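K.L.:
Starting from these lines, generate the structure:
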Amino acid sequence: MKKIRFFIIGVLTLMCSFTLVAQTIVNVTPGYGTLNDAITAHGSATYVLQAGGWYGLNQILEIDVPIQIIGGEPSQGGMPAIIQTGQAASGTTFDHMFTVLNNLTMKNVFIVNADLTNGVGTTVFYENAPSKIVIDSVTVDPIGGELIQNHTDSCSAFVTNSLFMRQGNTLSLGDGDIFGDILSRDTLYVENNTFVDVGTYFMVANNDPRNKEKFIWINHNTIIMGKANFDSYTGKYQEYVTNNLMFNYSMHAMQNIWNVLYTKDGGPKYKWGCLINDDTLVADSGTSYITSETLPSTRKHFIEYNSNYRSQGFWDLVKYINTQPGWQHGYLQNFIPALVYLDSSRETRMYNDKTSFPYFFDNNNISDNNSDYITDGAEIKANDPQFVDQKIYTLTDSAIAWIKQSELQVWGYQASDPSTWPHYFYKVDVDDGNPTTWPRFNGAYTNTKLMTASIEKLPLGDLNWFPSAKAIWQANQAKIMNYILAENESQMNITSVKKENSDLPNEYNLSQNYPNPFNPTTVIKYSIAKSGSVTLKVYNMVGQEVATLVNQEQSAGNYSIDFNASRLASGVYMYRLNAGNFTATKKLILLK
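P.N.:
Numbers count the residues shown, from 1 in each chain. Down below sits the predicted model:
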């Protein structure tokens with residue numbers, strides 16, 4: 001257990017350690033090329049952008065020294081700093097926005113990968129040297145063809161609390177991915193994000209035998225509309241896909257003849273596809289087949305407490321396909337195919353073979369139906385997240401019509417002009433290159449079943465849409481991660497903000513944390529005189545927020561909360577209480 005705990009601290013510290021790297025702070029004036037010029041002039045530094053300011057790139061930003069780009073906190077309902085791609089001298093949109101050759105951190109910014117003439121770039125972040133990318137509280141719209149493309153070994157990406165919209169296009173099924181790896185990645189950590197409109201893949205890697213993903217953590221994300229595959233990485237040492245809310249992901253009806261299953265008798269057969277690809281058996285010289293594992297059988301793959309809801313129209317389309325004379329068998333992909341497909345899915349065999357793969361788990365997932373076609377409309381309706389934003393459902397109808405047109409073409413039965421197909425992408429502004437709307441999206445939902453369906457009995461998906469639940473989660477983050485890493489399959493009980501007693505205070509108060517100094521936990525007490533909105537946040541000495549402990553409506557009373565700082569580096573931090581017109585700040589010291 002100590003090894004697991006130290007691993008958690010290491011991963012979470014990596015996410016936050018950037019705050020201590022760059023000492024120089026450079027305030028950048030908004031304008032065309034000003035961010036490029038500032039980085040050229042100052043090199044490794046923290047670049048602070050004005051909230052609401054526009055920063056147009058006059059060339060692709062090459063990050064060859066450690067850099068932080070931090071946007072100022074916008075006013076309530078205000079737009080953050082905008083970083084927008086540009087055009088080459090030829091008039092073409094930049095292929096990508098950032099060439100990452102060293103560590104890069106981005107926080108509180110809005111990245112627009114469309115130029116002023118509405119041309120959309122191919123990639124946002126292009127990794128071409130060992131590096132670490134940290135993305136927190138960032139919005140990207142549109143993404144273009146790919147969010148992060150990795151072309152080298154020894155890279156890591158930590159993506160948290162962000163919104164990513166419109167990856168790919170509505171002209172083709174094959175249009176890129178969110179995370180694309182050419183070579184191996186040390187860590188991919190994706191938590192509490194929302195992805196709207198995903199193309200062909202969420203995660204994909206090529207078949208290079210050197211491609212080995214060491215640690216993948218995909219937790220508490222909301223993923224809305226995805227065309228086909230989720231995880232096409234196969235060479236994975238450790239993978240945890242948990243607590244994610246997927247809505248109409250893998251809309252495309254698959255054919256098993258598109259996949260090859262390598263078997264011990266040396267011959268290929270058709271393979272039943274799935275969202276989580278783990279089959280590591282590959283063809284050898286086109287004549288024989290490797291039947292032994294090249295990765296350790298003790299590696300951990302934990303696919304638990306996810307929901308993948310598909311609307312009735314997509315199941316109806318599968319039924320239509322399978323009633324057409326001469327058409328191959330179609331189906332919608334599950335996370336891992338059910339036992340009935342044991343003979344045609346190696347993933348099914350791996351997850352059900354505890355002798356060879358003792359740490360492979362795929363249970364407690366919702367809407368992961370095991371049949372080719374769901375006839376029970378009530379079952380489908382019960383698992384609908386019931387999003388507050390009804391535009392999601394209007395676009396779902398368009399997506400069903402779009403996928404039918406694309407299916408007819410991909411399956412080779414009816415060709416048509418893709419430009420005439422319905423458009424289902426969640427488009428906020430008229431012009432991609434002139435974004436004016438903020439906020440961009442609302443991912444809150446009301447389905448009470450899903451509101452307690454995570455492993456911690458909190459809402460599935462991105463917890464940023466549920467501030468009260470997010471505060472509870474943050475107060476227990478290390479404990480939750482520890483529980484998942486240990487591959488516990490039952491739901492856990494966690495503690496939240498505690499109300500101390502029934503006495504009503506006459507005034508607001510923020511007490512000094514105890515103990516102080518501390519390692520790694522301390523207790524913070526405070527008093528609220530009147531009911532209202534309350535926030536309690538922790539900041540580093542540069543003024544950057546490192547933790548939100550409370551963000552919710554609270555009645556008058558005395559409260560206490562346990563703050564676990566195991567993910568932070570030793571140092572001095574400030575914690576601030578805001579309630580009504582009352583604000584108080586105190587200092588705490590973490591000594592490890």
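
K.L.:
contacts, neighbours, all on C-alpha from now
P.N.:
OK.

K.L.:
Please pull out the lowest mean pLDDT helix or strand from this protein.
P.N.:
Taking mean pLDDT, DSSP states H and E as the measure, strand 288-289 is the helix or strand of the chain with the lowest mean score, a mean of 48.

K.L.:
ok, residues contacting the next helix or strand after it?
P.N.:
Downstream of strand 288-289, the first helix or strand assigned by DSSP states H and E is strand 300-304. For strand 300-304, the external contacting residues (C-alpha atoms under 8 Å, 6 or more residues apart in numbering) are 237-243, 335, 359-365, 487, 489.

K.L.:
List only buried entries from these.
P.N.:
The neighbour-count test (16 or more other C-alpha atoms under 10 Å) marks 237-243, 335, 359-365, 487, 489 as buried among the contacts of strand 300-304.

K.L.:
is it fair to say residue 483 lies in a strand?
P.N.:
No. Under DSSP: H, G, I helix; E, B strand; the rest coil, residue 483 sits outside any strand and is assigned helix.

K.L.:
ok, residue 296 - how many residues close by?
P.N.:
11 (other C-alpha atoms under 10 Å).

K.L.:
The residue nearest to it when sequence neighbours are not counted is in what secondary structure piece?
P.N.:
Excluding the flanking residues, the one nearest residue 296 by C-alpha to C-alpha, 6 or more residues apart in numbering is residue 237, at 7.7 Å. Under the criterion of DSSP H and E, residue 237 resides in strand 236-242.

K.L.:
Quick check: mean pLDDT of the helix or strand following that strand?
P.N.:
Moving toward the C-terminus from strand 236-242, the next helix or strand (DSSP H and E) is strand 245-249. For strand 245-249, the mean per-residue pLDDT is 96.

K.L.:
mind checking how far residue 426 is from residue 396?
P.N.:
The gap separating residue 426 from residue 396 is 10 Å, by C-alpha to C-alpha, to the nearest Å.

K.L.:
more neighbours, the two?
P.N.:
residue 396 (22 against 17).

K.L.:
Spatially nearest residue to the residue sitting furthest away from the middle of the chain, not counting backbone neighbours?
P.N.:
In the chain, the residue that sits farthest from the middle, by C-alpha atoms, centre = their mean, is residue 506; the gap is 43.2 Å. Closest residue to residue 506 apart from its sequence neighbours, by C-alpha to C-alpha, 6+ apart: residue 529 at 5.6 Å.

K.L.:
Surely that neighbour is in contact with residue 510?
P.N.:
No. Using C-alpha atoms under 8 Å, residue 529 makes no contact with residue 510, being 11.6 Å away.

K.L.:
top helix in this protein by residue count?
P.N.:
Using DSSP state H, we find that the single longest helix of the chain is helix 391-410.

K.L.:
Just give me how far stretch 542-550 sits from the chain centre.
P.N.:
Between the centre of stretch 542-550 and the centre of its host chain there is 20 Å, according to C-alpha atoms, centre = their mean, to the nearest Å.

K.L.:
Which positions within that stretch qualify as buried?
P.N.:
544, 546-550.

K.L.:
if I look at residue 186, how far off is residue 539?
P.N.:
From residue 186 to residue 539 the distance is 28 Å (C-alpha to C-alpha).

K.L.:
do the same with residue 365
P.N.:
For residue 365, the distance to residue 539 equals 36 Å [C-alpha to C-alpha].

K.L.:
Go ahead and confirm residue 362 touches residue 349.
P.N.:
No. Counting by C-alpha under 8 Å, residue 362 stays clear of residue 349, with 11.7 Å between them.

K.L.:
where does the stretch 1-150 of the chain dip in pLDDT?
P.N.:
Counting by pLDDT under 70, the ranges of the stretch 1-150 of the chain that qualify are 1-23.

K.L.:
Which residue ranges of it form helices?
P.N.:
All helices of the stretch 1-150 of the chain, identified by DSSP state H, counting those that start in this stretch, fall at 2-16, 34-42.

K.L.:
show me where the stretch 401-550 of the chain has strands.
P.N.:
Remark: strands assigned in the stretch 401-550 of the chain by DSSP state E, counting those that start in this stretch are 498-499, 509-510, 521-528, 532-539, 545-554.

K.L.:
quick check, distance from whichever helix or strand comes after the longest one to the centre of its chain.
P.N.:
Same thing as strand 545-554. Going down the chain from strand 545-554, the next helix or strand is strand 557-564, by DSSP H and E. In terms of C-alpha atoms, centre = their mean, the gap separating the centre of strand 557-564 from the centre of its chain is 29 Å.

K.L.:
how far off strand 545-554 does the following helix or strand past strand 557-564 point, in degrees?
P.N.:
On the C-terminal side of strand 557-564, the nearest following helix or strand under DSSP H and E is strand 571-579. Counting by axes from the mean of the first three to the mean of the last three C-alpha atoms, to 10 degrees, strand 571-579 lies at 20 degrees to strand 545-554.

K.L.:
which residues are in contact with strand 571-579?
P.N.:
Strand 571-579 is contacted by residues 510, 528, 532-541, 583-591 when judged by C-alpha under 8 Å, 6+ apart.

K.L.:
related to what we said a few turns ago, name the helices or strands packed onto the strand holding residue 237?
P.N.:
strand 213-219, strand 300-304 (3 or more C-alpha pairs under 8 Å, 6 or more residues apart in numbering; DSSP states H and E).

K.L.:
any idea of the mean pLDDT in the first one?
P.N.:
Okay, so that is strand 213-219. 93.

K.L.:
who touches it?
P.N.:
184-192, 233, 235-244, 461.

K.L.:
Counting by contacts, list what the helix or strand just after that strand packs against.
P.N.:
The helix or strand immediately downstream of strand 213-219 is strand 222-226, counting by DSSP H and E. If you count contacts as 3+ C-alpha pairs under 8 Å, 6+ apart, strand 222-226 packs onto strand 194-198, strand 245-249.

K.L.:
Direction included, what does strand 222-226 pair up with?
P.N.:
Here strand 222-226 is paired, per DSSP bridges, with strand 194-198 (parallel), strand 245-249 (parallel).

K.L.:
how many degrees apart are that strand and helix 391-410 in direction?
P.N.:
Relative orientation of strand 222-226 and helix 391-410, computed by the same axes, to 10 degrees: 40 degrees.

K.L.:
coming back round to it: the strands paired with strand 222-226 into CSV, with extra columns for distance to residue 483 and mean neighbour count?
P.N.:
Output for those, formatted as CSV (distance: least, C-alpha to C-alpha, whole Å; neighbours: other C-alpha atoms under 10 Å):
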stretch, distance to residue 483, mean neighbour count
strand 194-198, 23, 26
strand 245-249, 20, 26
